[in-house]
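**Q** Sequence first, then the predicted structure:
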Amino acid sequence: MSEQTNETPFRYTAAMAQQIEIAWQDRWEEEGTFDAPNPAGPWAEPEKVAARGEKLVVLDMFPYPSGVGLHVGHPLGYIATDVYSRFHRMLGKNVLHALGYDAFGLPAEQYAVQTGQHPRKTTEENMTNMKRQLRRLGLGFDNRRTFATIDDDYYRWTQWIFLQIWDSWYDADAVREDGGRGRARPISELVEELESGERTLPDGRAWSQLSATERARALEEHRLAYTSEAPVNWCPGLGTVLSNEEVTNDGRSERGNYPVFRRNLSQWKMRITAYADRLADDLDGVDWPEKVKLMQRNWIGRSKGARITFPVVTTDGAESGIDVFTTRPDTIFGATFMVIAPEHPLVDSLVPQGGWPDGTKDAWTGADATAAGSPKEAVTAYQLAASRKGDVERQTEGKDKTGVFTGSWATNPVTEERVPVFVADYVLMGYGTGAIMAVPGQDTRDWEFAEKFDIPIVRTVQPTEGHPDDEPFLGDGVAVNSANERISLDGLHVAEAKARVIAFLEEAGLGEGTISYRIRDWLFSRQRYWGEPFPIMFDEDGVAHAVPADELPLTLPDVPDYSPKTFDPDDAQSSPEPPLSRVPEWVEVEKDLGDGRGLRRFRRETNTMPNWAGSCWYYLRYLDPANHESFVDPENEAYWLGRHDRPVEGAPAGTRDPGGVDLYVGGVEHAVLHLLYARFWHKVLFDLGHVRSEEPFRKYFSQGYIQAYAYTDSRGQYVTASEVEEHPGAHGAEPTFTWQGQPVNREYGKIGKSLKNSVSPDEMYDAYGADTFRVYEMSMGPLELSKPWEIRAVVGSQRFLQRLWRNVVDETTGELRVADVEVDQALTTQLHQTIAGVREDFEGLRFNTAIAKLIELNNAVTKLETPPREVVEAMVLMLAPVAPHLAEEMWQRLGHAGGVAYAPFPVSDPTKIVQEQVTCVIQIKGKVRDRVDVSPDITEDELRELALGRDKVKAATEGGIRTVIVRAPKLVNVVPL
């Protein structure tokens, strides 16, 4: 990196960059340069809104304020959205670009457990450091709109929204304004319908006959937020329930490596399944990458099939049934056994107390794994073993199938033959009904299970010729072995067989055609301290009541210990004790709710919300963060997120624009759960009339990662990459690497804390300046692709900025080098081509190609003795979105006041673009006699006239011309008489 010298005191160096950048950052802050006016509410400036024209909302994924601060991978998306926002401000738009902090969550709580410091203290310190790093990057945020999820005034509204969801139900028959059916309605409207008799209870009782507690229980079955017994990942060693993402493939906690057990515990859940169809169908209206839409649709997992009941007699002699959902009801004749999940609620009722019943095969008892002498022993041991495994491990293809016979048989409702019922871990309670009819002839997992447990295999679809006899057939074909006196499917193809068997099942009352979903209701409880308290309290009958709205926010109390109570890691029967339960004066309260029942005792909910809660709606608060009367003013929401009155490109006919954020940029790791949860919350708010947009994010762009070398020692542990020494290989051999004198292995991976290969942006600011860092990250490659970090390549970006600076400022004198000189046609053409290309690239988020075009144009200017003002000023304006500090400085030195943030972006003039000329060959009787350079768009008539006027053609055609053949622009053949 070149530095200033006595001979070049005005060279653009890191030191000069720092001076320029900090000065402009201070000015932007003082002048509120990036403050976006609102049409209504506390920041209403309708005149400015009207003056700025079209609105644009640009959003970054909500960052968590980590204690180690940013690494160079974090700013990639922030710089990209900043470039896009700055570009559109220069196009005259009213741009809202803000950044807040997703500040609740486990890391701060873990640190609090270790140090005894309140999580708020460490979190706010982390935010202070992150704000400093982001400010130094020169990001054009409207900092008035910054907030954190831990701010009381923010999570007041998070709690308020939760209560809107809790106080709602989904009416599948209600007509929406778009003509579709199904929407959320206030629970009070359900009560009115029950009171009037318009709607009845499932058991036939009148609403007036129910006690207050019974009514509350009935409403709980409908609420969009409710408590229920749910299978969860219970980790006694950590004392908390874990999400699936926090459990490793081998069924242990990601943090601490403790055993994790599947347990049924009372938890808060969100009825997201009610919205499954809308969440899937409405993806047609958003502008998202197809791979992300596919990920969401797969997570929702909508599939058509049949729900079938297999009759079973439980151990107490009661007649019951096991419900299964199958997408292949046509194969029911081949269902030779059943499998239920270890967590299935019917397991206990299916397991006899005595020994193995008659008909039990040796392979069914699980003796090879459990040495059990009875079904009860075998099933209990198997359930414990299964509870130690994660869902991924349980479903891994190719793993050895395990299971045990429950001791009960069910009846195949079509063949009327009895089939054994097994417990096996490859069936999950969270998918379908938690039970399957196993058809080994048409399913690989069932085939493997049947072979191991000596169960008959019946093919129900004729395999294609040459198909192996020892494998299931998974393709389409003709039904075989599928007939009896009641129904015949033989000879039918799959689609026809499905329709016939479903009609038979429905007529016989044995099942029905239905749609099933992979998605399950959203587990919404955490046994932790550092999260939003639920605004819910329970009376002495266990009935939930809302904390009165005027008492929100319900804030966290101080607790003696931030960690949940932990247990012996193998104590699967232990139960959670959240930290909030240790503050009885906060948990136990007395209130008069004004319902005529006087002062009563209540117990607050001691679980807290997951950090998903705050990140589900933060984009809405950016619109109106100073509003203390509402989470967002309806006029502001309609203005910023309202629908566009135009067709949705690429969507089915009739799809209307859903509204939402105009551009959302973030990593694909959040492309399923975060986006799905936010969409669910938004749709509930839409149904209840709180917002007018139907989707939160109109356009989503998935950015790639920055990758870097990482190093592992002999134990496979990562070591600090910056401390590794490289040793060149002898005679061209590959280099070797050591850390503290010990050899290490080099690999490539996502830059970050876990691989110990982080590089702080602070290092980049000190060594090169923020603008060079910005230009480098935007020029690394396409934004959507992952790309390697190469510190040596940063110098190239710095040299580009230095050359551009030299074209404006004399490094020796500091004088302006630019002058009003004439620009030749070649450079004029290149300038206007560059303007057109850069505008198109910025709009399409192709920042790397835009920078490449600017480098080419600057190189052309560098060759000139005097840089022309017309070209240089256009370059400075085009550079402004990417390197804003340097552009501001050069713009000012060029004599302009007011800065570049709202300066008009250059416009290409097509009339000034003259394409390079081509050479036209002129032939006489087919032989080349002349050449002439012409415009590539010359017409045939123009070229004929030009050719006939050439001296050589005139001389050859003095006797007259027979014909002239013209192939513009490259050939003219003249045939004389």
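**A** All right, it came through fine. Numbers count the residues shown, from 1 in each chain.

**Q** Enumerate every residue touching the closest residue to residue 592 other than its chain neighbours.
**A** Among residues not flanking residue 592 along the chain, residue 599 sits closest, at 4.8 Å (C-beta to C-beta, 6 or more residues apart in numbering). Placement of C-beta: from N, CA and C, glycine included. Counting by C-beta atoms under 8 Å, 6 or more residues apart in numbering, residue 599 touches 590, 591, 592.

**Q** any chance of these in CSV, plus neighbour count and pLDDT?
**A** As requested, those are exported to CSV (neighbours: other C-beta atoms under 10 Å; pLDDT from 0 to 100):
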residue, neighbour count, pLDDT
590, 8, 95
591, 15, 93
592, 10, 92
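
**Q** Spell out for me which residue occupies the centre of this structure.
**A** Closest to where the C-alpha atoms of the chain average out (C-alpha atoms, centre = their mean) is residue 671, at 1.9 Å.

**Q** surely it meets residue 295?
**A** Yes - if you go by C-beta atoms under 8 Å, residue 671 and residue 295 touch, sitting 5.7 Å apart.

**Q** which residues does the residue nearest to the centre of the chain contact?
**A** Taking C-beta under 8 Å, 6+ apart, we find residue 671 in contact with 292, 295, 296, 700, 702.

**Q** in the stretch 651-800 of the chain, which spans are strands?
**A** 663-667, 700-703, 706-712, 718-719, 724-727, 736-739, 742-743, 745-750, 787-788 (DSSP state E, counting those that start in this stretch).

**Q** The stretch 501-650 of the chain too?
**A** Under DSSP E, counting those that start in this stretch, the stretch 501-650 of the chain gives strands at 511-516, 522-523, 536-538, 544-546, 588-592, 599-604.

**Q** Looking at these, which is nearest to residue 627?
**A** Residue 627 lies closest to strand 544-546 among the strands of the stretch 501-650 of the chain, at 21.7 Å (C-beta to C-beta).

**Q** quick one on the thing from earlier: can you add neighbour count and distance to residue 76 and give the contacts of residue 671 back as a markdown table?
**A** Shown next, in a markdown table, are those (neighbours: other C-beta atoms under 10 Å; distance: C-beta to C-beta, whole Å):
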| residue | neighbour count | distance to residue 76 |
| --- | --- | --- |
| 292 | 19 | 18 |
| 295 | 17 | 21 |
| 296 | 20 | 23 |
| 700 | 24 | 16 |
| 702 | 19 | 12 |
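
**Q** Check the burial of the closest residue to residue 547 other than its chain neighbours by counting its neighbours.
**A** The shortest distance from residue 547 to any non-neighbouring residue, by C-beta to C-beta, 6+ apart, is to residue 535 (4.0 Å). By other C-beta atoms under 10 Å, 25 other residues sit near residue 535.

**Q** what's near enough to touch residue 535?
**A** 159, 160, 162, 163, 546, 547, 552, 554.

**Q** cool, and residue 64?
**A** Contacts for residue 64 (C-beta under 8 Å, 6+ apart) come out as 101, 102, 103, 105, 107.

**Q** Ok, residue 435 next?
**A** Contact analysis of residue 435 by C-beta under 8 Å, 6+ apart lists 322, 323, 324, 338, 339, 340, 341, 344, 346, 427.

**Q** Can you read off the pLDDT for it?
**A** Listed pLDDT for residue 435 reads 95.

**Q** do residue 372 as well
**A** pLDDT for residue 372: 66.

**Q** need the next SSE after the lowest-mean-pLDDT helix or strand in the chain, C-terminal direction.
**A** Ranked by mean pLDDT, DSSP states H and E, the weakest helix or strand in the chain is helix 367-370, scoring a mean of 47. Where DSSP states H and E defines the elements, the next helix or strand beyond helix 367-370 is helix 375-387.

**Q** and stretch 440-449, how far apart are its ends?
**A** Terminal residues of stretch 440-449 are spaced 8 Å apart (C-alpha to C-alpha, to the nearest Å).

**Q** circling back to that earlier point, in a markdown table: the contacts of residue 535, plus distance to residue 73, neighbour count and pLDDT.
**A** Output for the contacts of residue 535, formatted as a markdown table (distance: C-beta to C-beta, whole Å; neighbours: other C-beta atoms under 10 Å; pLDDT from 0 to 100):
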| residue | distance to residue 73 | neighbour count | pLDDT |
| --- | --- | --- | --- |
| 159 | 34 | 24 | 98 |
| 160 | 35 | 16 | 98 |
| 162 | 33 | 24 | 98 |
| 163 | 38 | 18 | 98 |
| 546 | 42 | 18 | 97 |
| 547 | 41 | 22 | 96 |
| 552 | 37 | 18 | 97 |
| 554 | 37 | 21 | 97 |
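
**Q** Closest to residue 516 out of those?
**A** When the contacts of residue 535 are compared for distance to residue 516 (C-beta to C-beta), residue 162 comes out closest, at 28.3 Å.

**Q** Quick check, that closest one in contact with residue 533.
**A** No - assessed by C-beta under 8 Å, residue 162 is found out of contact with residue 533, at 10.2 Å.

**Q** intersection of neighbour lists for the two?
**A** Shared contacts of residue 162 and residue 533 (C-beta under 8 Å, 6+ apart): residue 609.

**Q** Closest to residue 244 out of the contacts of residue 535?
**A** Taking C-beta to C-beta as the measure, residue 244 sits nearest to residue 162 out of those, at 22.1 Å.

**Q** Spit out the contact partners of the closest one.
**A** By C-beta under 8 Å, 6+ apart, the residues touching residue 162 are 225, 532, 534, 535, 609, 613.

**Q** And the furthest pair within these?
**A** Within the contacts of residue 162, 225 and 532 form the most distant pair, 13.1 Å apart (C-beta to C-beta).

**Q** Residue 526 touches residue 240, doesn't it?
**A** Yes - under the criterion of C-beta under 8 Å, residue 526 makes contact with residue 240 at 6.9 Å.

**Q** any chance of the contacts of residue 162 in CSV, with distance to residue 908 too?
**A** Output for the contacts of residue 162, formatted as CSV (distance: C-beta to C-beta, whole Å):
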residue, distance to residue 908
225, 54
532, 51
534, 57
535, 56
609, 51
613, 47
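
**Q** neighbour-wise, which of these leads?
**A** Counting by other C-beta under 10 Å, top hit in those: residue 534 with 27 neighbours.

**Q** For that residue, which residues are in contact?
**A** Taking C-beta under 8 Å, 6+ apart as the criterion, residue 534 is in contact with 159, 162, 268, 554, 604, 605, 607, 608, 609.

**Q** okay if I get those as TSV plus distance to residue 622?
**A** Below are the contacts of residue 534 laid out as TSV (distance: C-beta to C-beta, whole Å):
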residue	distance to residue 622
159	19
162	19
268	27
554	24
604	30
605	29
607	28
608	24
609	20
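
**Q** Closest to residue 48 out of those residues?
**A** Proximity of those to residue 48 (C-beta to C-beta) peaks at residue 159, which lies at 33.2 Å.

**Q** do you know how far the closest one is from residue 553?
**A** 6 Å (C-beta to C-beta, to the nearest Å).

**Q** Residue 575 now?
**A** Distance, residue 575 to residue 553, using C-beta to C-beta: 28 Å.

**Q** Mind listing the shared neighbours of residue 671 and residue 295?
**A** Both residue 671 and residue 295 lack any common contact, where contact means C-beta under 8 Å, 6+ apart.

**Q** Now do the helices in the stretch 851-977 of the chain.
**A** Counting by DSSP state H, counting those that start in this stretch, the stretch 851-977 of the chain has helices at residues 869-879, 884-893, 940-948, 951-956.
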